[in-house]
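Q: below: sequence and its predicted model.
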Amino acid sequence: MAAAPKTGLRLGNLAPAFEAETTAGPVSFPSWLDGKWAILFSHPADFTPVCTTELGEVAKLQPEFEKRGVKTIGLSCNELKSHGEWIADINELSNVNVQFPIIADPSRQIAKLYDMLDEQDLTNLDSKGIPFTVRSVFVIDPKGIIRTTLSYPASTGRQFDEILRIIDSLQLGDANKITTPANWQPGGKVIVHPSVSTEAARTMFKNPIEVAKPYLRFTTL
């Protein structure tokens, strides 16, 4: 029996290319990455309560993203003029200065390209009955590869500290032969990658190797 064809974007796929108008000017993706990581995150609509708190939080966390070499870019299914007016509210309510670009995607072209549209919440529609987006997150590496995807319902705001934790884990794993355990936090124990023998790990890592099981070895970096 033939396998069903794969659909949608998967981890390891190249992030689809697009051209967009944003609050920071035109963006051509993926050249916009310019050798950096990126977070592409969608919002159902401008002037909505949960989205307003989320963009304020991302603006507050810009120093943390920048420290990790990560660019942030939002997307909402509204016109550019609406975005600009909404940013004034975000700045006022969160006491921030939103500088990262927000894509204007009223046609849903980019939302469709990234499979962001809501198929669950029948209240998450515009005045014409066309779905808005869910709260999608794409973590994209400097090569334009999708490394993480997250989808939150329109009713649930995102946990951006968790997104930072994911980035820390990915970047640490790219630089070292390790993976990260459940509830890992930066500075905590990491797991020696299964492809590395215990003998090799003892020369590869400067700190002691803790062997819980032959397949589960911990160390610190």
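A: Perfect, I can see it now.
Q: show the contacting residues for the closest residue to Lys177 other than its chain neighbours.
A: Among residues not flanking Lys177 along the chain, His193 sits closest, at 4.2 Å (Cβ to Cβ, 6 or more residues apart in numbering). C-beta here means a position set from N, CA and C on the backbone, and glycine is covered the same way. Shown in contact with His193 (Cβ atoms under 8 Å, 6 or more residues apart in numbering): 173, 177-179.
Q: highest neighbour count among these?
A: Ile178 (24 neighbours; other Cβ atoms under 10 Å).
Q: give me the phi and psi for that residue.
A: phi -140, psi 160 (degrees, to the nearest 10).
Q: not counting its neighbours along the chain, what's nearest it?
A: Val190 (4.2 Å).
Q: helix or strand: which one has Leu55?
A: When elements are assigned from DSSP states H and E, Leu55 belongs to helix 49-60.
Q: ugh, wrong one, I meant Arg147
A: strand 146-152.
Q: how much does that strand deviate in direction from helix 49-60?
A: Computed by axes from the mean of the first three to the mean of the last three Cα atoms, to 10 degrees, the angle separating strand 146-152 from helix 49-60 equals 140 degrees.
Q: need the pLDDT of the residue nearest to Lys177.
A: We note a pLDDT of 97 for His193 in this prediction.
Q: and the one 10 residues further on, by the same measure?
A: What the model reports for Thr203 is a pLDDT of 96.
Q: now name the helix or strand holding Glu85.
A: Secondary structure (DSSP H and E) places Glu85 in helix 80-94.
Q: just the buried positions in that helix, please.
A: 82-83, 86-87, 90, 94 (16 or more other Cβ atoms under 10 Å).
Q: what mean pLDDT does that helix have?
A: Helix 80-94 comes out at a mean pLDDT of 96.
Q: one more: stretch 141-148?
A: 98.
Q: buried residues in it?
A: Buried residues in stretch 141-148 (16+ other Cβ under 10 Å): 141, 144, 146-148.
Q: ditto for stretch 16-28
A: In stretch 16-28, counting by 16+ other Cβ under 10 Å, buried: 18, 20, 22-23.
Q: how far away is the nearest residue to Ile110 once chain neighbours are set aside from Gln109?
A: Leaving aside its sequence neighbours, Ile110 sits nearest to Phe18 (Cβ to Cβ, 6+ apart; 5.2 Å). Applying Cβ to Cβ, to the nearest Å, the value for Phe18 to Gln109 is 8 Å.
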